[in-house]
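**Q** no sequence on this one, just coordinates:
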């Protein structure tokens, strides 16, 4: 129970701080969310993950208590499953805190809605923020991932069909690995 309350607090803080553009998507009922999440991560991850959904009041609720350290949700129409270290990284990014030293992993096998490749806080595409939309991918996050990013492109105008470093030069730079 203590773990569930801590996770609920962390996830509420994360989702509560997601830019308004993402937060305005329609709330999915629990069954619809579970259908969306089936394509976001491997079945064995989702099967034992904690699953969070946004209620009509805008607050996060646990709809499935997990036991494998993963949390799955759909913040803004981009279904994802993140391990505990990745959830800490997301919290640091959203609160503009220091990136955790831990190595984290995020599945986004359904792809994303697009984001700036240079500004971690951009909420919409502009002529100067290098907006990029990546299809099915996984993310390796956290300061501990920096050493593995050495051999990957750090270009602002990255090719989303090849591995690249997103948000290069920021505390939240991370490795994007397309899966298709």
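**A** Cool, the structure landed. Please read all numbers here as calculations on a predicted model, not as lab measurements.
**Q** What's the separation between residue 170 and residue 113?
**A** 20 Å (Cβ to Cβ, to the nearest Å). Backbone N, C-alpha and C define where each C-beta goes, glycine included.
**Q** do the same with residue 30
**A** In this view, residue 30 and residue 113 are 22 Å apart by Cβ to Cβ.
**Q** now swap in residue 50 and tell me
**A** Counting by Cβ to Cβ, the separation of residue 50 from residue 113 is 23 Å.
**Q** So if I had to pick from those two, which one is more boxed in?
**A** Counted by other Cβ atoms under 10 Å, residue 50 and residue 113 do not tie: residue 50 has more neighbours, with 23 against 12.
**Q** Tell me who's in contact with the nearest residue to the more buried one once chain neighbours are set aside.
**A** Spatial nearest neighbour of residue 50, chain neighbours left out: residue 66 (3.7 Å); criterion: Cβ to Cβ, 6 or more residues apart in numbering. Residues in contact with residue 66 (Cβ atoms under 8 Å, 6 or more residues apart in numbering) are 48-51.
**Q** and residue 92, how many neighbours?
**A** Counted with other Cβ under 10 Å, residue 92 comes out at 19.
**Q** The one 3 residues further on too?
**A** Neighbour count of residue 95, defined by other Cβ under 10 Å: 11.
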